[in-house]
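Asks: need a 3D model of the following:
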Amino acid sequence: MKLRDVENAFKYRRIPYPKRSVELIALLAISCTFFLFMHTNKLNSRLKEMEVKLQPSEFSALGLTGNHISGHDAGKHDDINTLHGTYQYLKSTGQLQHLTSAQVNNTPRAQLDTLFFNRVPKAGSEKLMELLKLLAKRNNFQARRDSEQLLETILMDTGYARNLLKTEILNCTTANSYTKHVAFVNFAAFKKPWPIYINLVRDPIERLVSWFYYTRAPWYLEDRVKSFGQAYKVPSMEWLQKDFNRCVLEHDPECVYEQLETGNLGDHRRQTLFFCGQHPSVCMPFNSLEAMQRAKRNVEKRYAVVGTWEDTNTTLSVLEAYIPRFFAGAREEYYAMQGQMENVNRNALRPRISEEARLVLSRNLTHEIEFYQFARQRLNKQYIAHQLERDRSVRG
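Replies: Below you'll find the model as predicted:
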């Protein structure tokens, strides 16, 4: 028999496989494809980060090197929400030449050695809490947090708030940080000293998507059952299998963000609430102009730093510069543990939001988006002020 005949014999030979084996092979193929996709996606993200870090920057004279321009901002230097855009705005309006860090530094206003992180849900707070644990050892302070609860108490009555301040936030006599999901508290209203306020913000639309899929993630459900047992009611399969894009576009009640409505506290759709304060009539109406304005005032008057992981280098630099007692060495600690930091509470299985759904949400989140942009501009301004002062001191 010739070699060609042998090849043809094998080529056309039909080998029967058990039905179960075929299913297993198909499942294995799908699994391999999925994990290859995830690995490629992560590798692509890392390559983009490296590209951004290596790119030259026209800010070199100010110390604003390429690694302070995020991949999201690269190519968008005219946007006032980017570091470059904020700098150009300050320069064009004549504010740059008179800018000092003292103008945007609220840390000296604090009256005790307590860092209060009233964290916004799904803004990367778990990552900052891990960093605080590392920095506590390095900088000799206690990193504390509230106990885990089935339902977070974001808005408090007067008695609850007074007890929280007395038994949790203000009950430590040494340098410490305290973390809790709670709306801004006016310490002066309770005749108590002010702590050093910090927080994180995130793109409002991305927060909504993140929360939607986070509460449906298997590890979240497992953790809730493990922590709270029968007190936690496991959602139906129909609810768990919802798609966010369809939920928005088909006007599912869960994904309808009605203007000035005062319900749905549990899905944390109001980022401004955490900065507006303990005033339901003012701070609860969704996407309210008044709530946004009050949130802005509180940030300007009371927050030492409001950062965002969407501008990681800028956030870490500002924390180090404006709150050195707690954040000295923050960049070193963060990047030494970057692999672990990036994966804290991260849902790699979350689908992308469609442009159509994003457009719908952007129309319903106007004041939420404006507040987020305001916080980013303030962070950029703090960074620029610090860099200007460093350059002036070097030049003598």
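Asks: so, low pLDDT: which residues of the stretch 1-150 of the chain?
Replies: Along the stretch 1-150 of the chain, the parts satisfying pLDDT under 70 run over 1-78.
Asks: mind doing that once more with 90?
Replies: Across the stretch 1-150 of the chain, the ranges flagged by pLDDT under 90 are 1-81, 147-150.
Asks: quick one: the strands in the stretch 251-396 of the chain?
Replies: Assigned by DSSP state E, counting those that start in this stretch, the strands in the stretch 251-396 of the chain fall at 303-307.
Asks: just the helices in it please.
Replies: For the stretch 251-396 of the chain, the helices defined by DSSP state H, counting those that start in this stretch cover 273-276, 280-283, 289-302, 312-322, 324-327, 330-336, 338-342, 355-364, 366-395.
Asks: got the angle for the fourth one vs helix 366-395?
Replies: In this structure, helix 312-322 runs at an angle of 60 degrees to helix 366-395, with axes from the mean of the first three to the mean of the last three C-alpha atoms, to 10 degrees as the basis.
Asks: helix 312-322 packs against which elements?
Replies: strand 303-307, helix 324-327, helix 330-336, helix 366-395 (3 or more C-beta pairs under 8 Å, 6 or more residues apart in numbering; DSSP states H and E). Every residue, glycine included, has its C-beta placed from N, CA and C.
Asks: turn the ones you listed into CSV, including distance to residue 352, mean pLDDT and mean neighbour count.
Replies: As requested, those are exported to CSV (distance: least, C-beta to C-beta, whole Å; pLDDT from 0 to 100; neighbours: other C-beta atoms under 10 Å):
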stretch, distance to residue 352, mean pLDDT, mean neighbour count
strand 303-307, 25, 98, 24
helix 324-327, 33, 98, 19
helix 330-336, 27, 94, 18
helix 366-395, 19, 93, 19
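Asks: returning to what we had before: do you know which of the helices of the stretch 251-396 of the chain lies nearest residue 262?
Replies: helix 280-283 (7.4 Å; C-beta to C-beta).
Asks: about what we covered before: and the helices and strands packed on helix 312-322: which comes nearest residue 282?
Replies: Checking the helices and strands packed on helix 312-322 against residue 282 by C-beta to C-beta gives helix 366-395 as the closest, at 12.9 Å.
Asks: and the closest one, how far out from the chain's middle?
Replies: Between the centre of helix 366-395 and the centre of its host chain there is 18 Å, according to C-alpha atoms, centre = their mean, to the nearest Å.
Asks: for it, name the packing helices and strands.
Replies: Against helix 366-395 (3+ C-beta pairs under 8 Å, 6+ apart) you get helix 83-92, helix 204-214, helix 289-302, strand 303-307, helix 312-322.
Asks: mind putting those in CSV, distance to residue 123 included?
Replies: Formatted as CSV, the helices and strands packed on helix 366-395 follow (distance: least, C-beta to C-beta, whole Å):
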stretch, distance to residue 123
helix 83-92, 19
helix 204-214, 7
helix 289-302, 14
strand 303-307, 9
helix 312-322, 11
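Asks: out of those, nearest to residue 258?
Replies: Comparing these by C-beta to C-beta, helix 204-214 comes nearest, at 13.8 Å.
Asks: the closest one versus helix 366-395: what angle between them?
Replies: Using the same axes, to 10 degrees: helix 204-214 against helix 366-395 is 110 degrees.
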